[in-house]
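Visitor: here are the coordinates; sequence isn't available:
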């Protein structure tokens, strides 16, 4: 079974530039998550999709971050414009369940995109 | 609210045991444990559910004290491959969405 795919693996940009990340979840997984992991910290949830609808985006800085999951499969996360503090690894994860409370399904993580903002 | 993990770091010799703790100030529905090696994605280890159900890795065990909102991960007879950062992710009881909040991690180093 293929895992969660992400691209690019690395990206270096200057502040105020734009950047986009792509994620393809495990086939058949209904729920997709984007996390931000700053060096030395645990992953922080940015946005959660159930199929192609947003379930939770309470921690997404909406003035600069946006995400979409068209057709309920792959997803893109965009930052525009980037700030120095956006330097982090952006992880995508997916799970089989429908995102309801009392989850019993595992989240499977992709390899992440390491973003450096200069 | 972010769960608190302890210790922050631990160094072992191969074959020794370790315990990693995770505690929350909120009532929990489930606790999920992951291991992340440097530069790699977090890898699932274990889910502990309210009511006692567990799912996960055969060689790693864990406990979940619902009353104290605490979980502990037990690594016995450690191997070099156990090295990495261990994260717990907690799901609050009563949440309307399946949402994990991760701790800051515990760095485990196993030396020969």
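Guide: On my side now, so go ahead. Source: prediction; values computed, not measured.
Visitor: and residue 4, what are its phi and psi?
Guide: The chain I'm using is chain A. Torsion angles at residue A:4 (phi, psi; degrees, to the nearest 10) stand at phi -70, psi 130.
Visitor: That one - how many residues pack around it?
Guide: Neighbourhood size, residue A:4 [other C-beta atoms under 10 Å in any protein chain shown]: 22. To be clear about C-beta, it is placed using only N, CA and C from the backbone, and glycine gets the same treatment.
Visitor: Also the one 10 residues further on?
Guide: As a burial measure, the neighbour count of residue A:14 was computed by other C-beta under 10 Å and equals 11.
Visitor: Could you count how many residues lie near the nearest residue to it once chain neighbours are set aside?
Guide: Computed as C-beta to C-beta, 6 or more residues apart in numbering or on different chains, the closest residue to residue A:14 that is not its neighbour in sequence is residue A:118, at 5.2 Å. Residue A:118 has 10 neighbouring residues, counting by other C-beta under 10 Å.
Visitor: Also residue A:22?
Guide: Burial of residue A:22, expressed as a neighbour count using other C-beta under 10 Å, amounts to 14.
Visitor: hey, what's it bridged with?
Guide: Residues found in beta-bridge contact with residue A:22 (criterion: DSSP bridges) are residue A:7, residue A:76.
Visitor: which residues touch it?
Guide: With contacts taken as C-beta atoms under 8 Å, 6 or more residues apart in numbering or on different chains, residue A:22 has the following neighbours: A:6, A:7, A:74, A:75, A:76.
Visitor: now do 10 Å
Guide: Contacts here follow C-beta atoms under 10 Å, 6 or more residues apart in numbering or on different chains; on that basis residue A:22 touches A:5, A:6, A:7, A:8, A:74, A:75, A:76, A:77, A:92, A:113.
Visitor: pretty sure residue A:41 is touching residue A:91, no?
Guide: No. Here residue A:41 lies out of contact with residue A:91, judged by C-beta atoms under 10 Å, at a distance of 11.8 Å.
Visitor: So between the two, which is more surrounded?
Guide: In this comparison of residue A:41 against residue A:91, neighbours counted by other C-beta under 10 Å, the higher total goes to residue A:91 at 27 against 16.
Visitor: average pLDDT across the helix or strand in which the more buried one is found?
Guide: Element membership of residue A:91, judged by DSSP states H and E, is strand A:88-95. Averaging pLDDT along strand A:88-95 gives 95.
Visitor: Tell me the strands beside that strand, with direction?
Guide: Here, using DSSP bridges, strand A:88-95 pairs with strand A:31-37 (antiparallel), strand A:108-109 (antiparallel), strand A:113-117 (antiparallel).
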